[in-house]
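okay, sequence plus prediction incoming.
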Amino acid sequence: MEDRSFTLKMRDGEYCRDVTDVLNEIIAEMHLYYCYIHVQQEHTTCALTINEKESGLIDDLLRRLDQLAPRSQAQHTNNWLSYYFHDDMKIRTENIEQETEERRNGHAHVKAIDIDRSPLTLRVRYGKVHLGRWQRVLFFDFDDIGPRRERTISVSIINGTGGRYEL
C-alpha cells in the first residue's frame, strides 16, 4: 500500500482546521478497514493534535499560546517575551531562504513546538479513524506573517488489513 498526502490552502491569520473527514476520505480511497496510520504535517510552524473541535476551546488555546509566544517585535530587543533570535537577521545564519524575504515567524515555531505531537499514530477501525466521542484531528497553522502558503499533510499506513468494505 502506498503513502498519501494532501494539501491545504490556508486562510489569513492563525488558523485551525479539522482534517478528520479528509483522513476518512483517504482511508476509504485506500480501502483500509483495520490498521494504524501515521499522520504528519510537513511544516515547522504548524501542528497536529487530537482534541475537541469547539470554537471557545480553540480560541482559548490560541490566546494561551499568544501569552507563551507573542508575535515578534524584533525592534524591541529589550522585551524578551516578544524577541526571537530566529527573527533577528543580524545574528541568524542558518536555514535562510535567499530568494525571498525571510519571515519573522519565531512565534509560530515556538507555538508549534509547544503543541505538536506529529506524527500522530491513529487507529483505523471499521474503515474510519477511531476517535473518542468529541475528538477530532486538528491542524494548526501559526505562521500568520506574509502571504499564505499551502500546507501538506502526509499519511502512511503502518500495518493492518485492507479490502473492500461497506460502512
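Nice, I can see it.

pull out the buried positions in the helix or strand where Asp21 lies.
Per DSSP states H and E, Asp21 falls inside helix 20-29. In terms of neighbour count (16 or more other C-beta atoms under 10 Å), helix 20-29 has its buried residues at Thr20, Val22, Leu23, Asn24, Ile26, Ile27. From N, CA and C alone the C-beta is placed, and that goes for glycine too.

and for stretch 33-53?
33-35, 37, 39-41, 43, 45-50.

quick one: which of those residues is nearest Leu65?
Ala47 (9.7 Å; C-beta to C-beta).

tell me where the chain has strands.
Applying DSSP state E to the chain gives strands spanning 4-9, 15-18, 32-41, 46-52, 120-125, 128-129, 135-141, 150-162.

from the contact counts, what lies against the first one?
Judged by 3 or more C-beta pairs under 8 Å, 6 or more residues apart in numbering; DSSP states H and E, strand 4-9 is in contact with helix 20-29, strand 150-162.

mean pLDDT for the ones you listed: which is lowest?
Ranked on mean pLDDT, the bottom entry among the helices and strands packed on strand 4-9 is strand 150-162, at a mean of 80.

is Gln135 in contact with Glu54, as I believe?
No. If you go by C-beta atoms under 8 Å, Gln135 and Glu54 don't touch, sitting 11.3 Å apart.

same drill for the two, tell me which one is more crowded.
Remark: of Gln135 and Glu54, Gln135 carries more neighbours, 14 against 11, as counted by other C-beta atoms under 10 Å.

next one: the more buried one from Arg92, what distance?
38 Å (C-beta to C-beta, to the nearest Å).

coming back round to it: farthest-separated two in the buried residues of stretch 33-53?
Tyr33 and Thr45 (35.0 Å).

hang on, the earlier thing: is it possible to get a markdown table of the strands of the chain that adds distance to Gln67?
Below are the strands of the chain laid out as a markdown table (distance: least, C-beta to C-beta, whole Å):
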| stretch | distance to Gln67 |
| --- | --- |
| strand 4-9 | 26 |
| strand 15-18 | 17 |
| strand 32-41 | 23 |
| strand 46-52 | 17 |
| strand 120-125 | 25 |
| strand 128-129 | 31 |
| strand 135-141 | 16 |
| strand 150-162 | 25 |
